[in-house]
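1. With the sequence up front, the predicted model follows.
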Amino acid sequence: MRLGTVNATGWQQARRYAREAARPLPPVDTPLADAVGAALATPLVALSPLPAYDAAAMDGYAVAGTGPWQVTGRVLAGDPHPPVALLPGYAVEIATGAVVPRGADAVLPYERAVRHGRTVTGEIAPGRHVRRRGEDCPAGQEVLPAGTLVTPVLLGLAASLGHDTLTVHRRPRVGVVVTGAELRTSGLPAPGQVRDAIGPMLPGLLRTAGAEPTWETRVADDRAALVAALLRSDAEVLVVCGATSAGAADHLRGALDALGADVPVHGVACRPGHPQLLAILRDGRYVVGLPGNPYAALAAVLTLLAPLLGRLAGRTEPPVLTSTLAGPVPSHPHDTRLVPVLRTGATATPLNHDRPGSLWGAAAADALAVVPPGWDGTGEVELLRLG
Ligand SMILES: Nc1nc2c(c(=O)[nH]1)N[C@H]1C(S)=C(S)[C@@H](COP(=O)(O)OP(=O)(O)OC[C@H]3O[C@@H](n4cnc5c(N)ncnc54)[C@H](O)[C@@H]3O)O[C@H]1N2
Ligand code: MOO
């Protein structure tokens, strides 16, 4: 395997390879509360009509026929027995959400009603303030397609349609291997030491991409230790941080060679992040190599890792987001540049501090702009959402 721009895969092509290298994991029935972040494996179908019964939309009187009406009783939400049918000229006091009695034509809100003893009068149009059974959604209706990301709001919808569980794709399990003898995980770095900046950001990035971070291990800069870590079979995807390059301590490519891995992407024509790689082990597990420089690692997460995880998780590909850029952004002659930006209105402002070793710009950004090779600065560019 050779490292360098000459053999690098184009940025768009690399993302496509990563997405197409995988198939969605099998479906599992999951309690609602545990399904957030997974993708629907089957369309979401209404098990119950919405609303499930004719319901009052206002507090007031359910009235039948033309007024004045004789008030015969009161119906509250949650009453265990259905209310008796109303005859013309009669009314019941009714609470928002209560079952509207058969025969009622409308609900007259308190503020539009005039009550004298047991008689009530007021102006009302037929059907007013009654939410008819199934008017929002009939039973059996497909409301969201397979592949939809389960959000907290979707849980609320699923509950209102009668679901206790959702059939979602199993989330890919990810094991993380952090390499680098110079790394420390707390405190101030001594000369020659570096605080690990990739380990802390990965769990959140993995969850956002639809995966389940399962384990993290740290290995010395040693090929045998890296091979041993890559042999752990309890994750579909292994992420190796660092060791992607050509230095004497960079053993990822050698370890993959030793394991007989297929390496469909062994470098990407992008800045930062060109040493990133995608490999497939003989048993089908995936390895994504993130360059050690933290911003380059983030670029690789968004280029190779997120599309791979999104596909394994069964998520529909998100629509491409584009924007103009407010401010000059130099392009690279051969490579795609990934530039941190902050979206403001219809445009996105490029931020500074985008060196490969610094996450400052990216931490202040809400997207990375994808600046194609040789871009002349006109028109829109693609944006990759952060978070
Ligand atoms: N001869 C070449 N040298 C390098 C090339 C190249 O093409 N030819 N590419 C450069 C680029 S670009 C990058 S990016 C790095 C990638 O290096 P590695 O993935 O092998 O990572 P390391 O060598 O271990 O570390 C690079 C750099 O990043 C720091 N680092 C590593 N891990 C972490 C971490 N978890 N948190 C914070 N910082 C980390 C490490 O201390 C180094 O400073 O290779 C270039 N060299
Ligand atoms: O591509 Mo490196 O990943 O610039 O630092």
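-> Done, it's in. Ligands and ions are numbered 1, 2, ... in the order given.

2. what stretches of this protein score poorly on pLDDT?
-> By pLDDT under 70, the weakly predicted segments of the chain are 1-6.

3. Look up how far Q70 lies from the most far-flung residue of it relative to its centre.
-> Computed with Cα atoms, centre = their mean, the maximum C-alpha offset from the centroid of the chain is found at G117, amounting to 56.9 Å. The span separating G117 from Q70 equals 10 Å under the rule Cβ to Cβ, to the nearest Å. All C-beta spots, glycine's among them, are computed from the backbone N, C-alpha and C.

4. What ranges does the stretch 1-150 of the chain have for its strands?
-> The residue ranges that make up the strands of the stretch 1-150 of the chain, judged by DSSP state E, counting those that start in this stretch, are 27-31, 44-45, 55-56, 60-63, 69-75, 90-94, 106-109, 114-116, 119-121, 130-131, 142-144.

5. now those strands as JSON lines including mean neighbour count?
-> Formatted as JSON lines, the entries for those read as follows, by neighbours: other Cβ atoms under 10 Å:
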{"stretch": "strand 27-31", "mean neighbour count": "15"}
{"stretch": "strand 44-45", "mean neighbour count": "18"}
{"stretch": "strand 55-56", "mean neighbour count": "24"}
{"stretch": "strand 60-63", "mean neighbour count": "28"}
{"stretch": "strand 69-75", "mean neighbour count": "17"}
{"stretch": "strand 90-94", "mean neighbour count": "24"}
{"stretch": "strand 106-109", "mean neighbour count": "22"}
{"stretch": "strand 114-116", "mean neighbour count": "11"}
{"stretch": "strand 119-121", "mean neighbour count": "17"}
{"stretch": "strand 130-131", "mean neighbour count": "20"}
{"stretch": "strand 142-144", "mean neighbour count": "15"}
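
6. among the ones you listed, which is nearest L252?
-> Evaluated over the strands of the stretch 1-150 of the chain, closeness to L252 peaks at strand 27-31, with 32.1 Å, by Cβ to Cβ.

7. Can you tell me which helices and strands that closest one packs against?
-> Using 3 or more Cβ pairs under 8 Å, 6 or more residues apart in numbering; DSSP states H and E as the contact test, the elements touching strand 27-31 are strand 165-169.

8. Which is the succeeding secondary structure element to the strand it packs on?
-> Helices and strands here follow DSSP states H and E; after strand 165-169, the next one along the chain is strand 173-179.

9. Listing partners with orientation, what would you give for that next one?
-> When pairing is defined by DSSP bridges, strand 173-179 lines up against strand 212-219 (parallel), strand 237-241 (parallel).

10. quick one, which of these is nearest to I198?
-> Closest to I198 of the strands paired with strand 173-179, according to Cβ to Cβ: strand 237-241, at 4.5 Å.

11. Is the closest one in proximity to ligand 2?
-> No: no part of strand 237-241 sits close enough to ligand 2 to count as contact by Cβ under 6 Å from any ligand atom; the gap is at least 12.0 Å.

12. and after that strand, which helix or strand comes next?
-> Of the helices and strands lying after strand 237-241 in sequence (DSSP H and E), the nearest is helix 252-258.

13. Put the alpha carbons of that next one into CSV.
-> Below are the C-alpha coordinates for helix 252-258, written out as CSV (Å, rounded to 0.1, in the frame of the first residue of the first chain):
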residue,chain,number,x,y,z
LEU,A,252,-1.9,0.6,10.7
ARG,A,253,-1.1,-0.1,7.0
GLY,A,254,1.3,-2.9,8.1
ALA,A,255,-1.3,-4.4,10.5
LEU,A,256,-3.9,-4.4,7.7
ASP,A,257,-1.4,-6.1,5.4
ALA,A,258,-0.7,-8.7,8.0
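
14. what residues does it touch?
-> Residues outside helix 252-258 that contact it (Cβ atoms under 8 Å, 6 or more residues apart in numbering): 1, 3, 179, 223, 226-227, 230, 240, 243-244, 263, 266, 277, 279, 287, 289.

15. you'd agree P109 is up against A62?
-> No: with contact defined as Cβ atoms under 8 Å, P109 does not count as touching A62 (11.2 Å).
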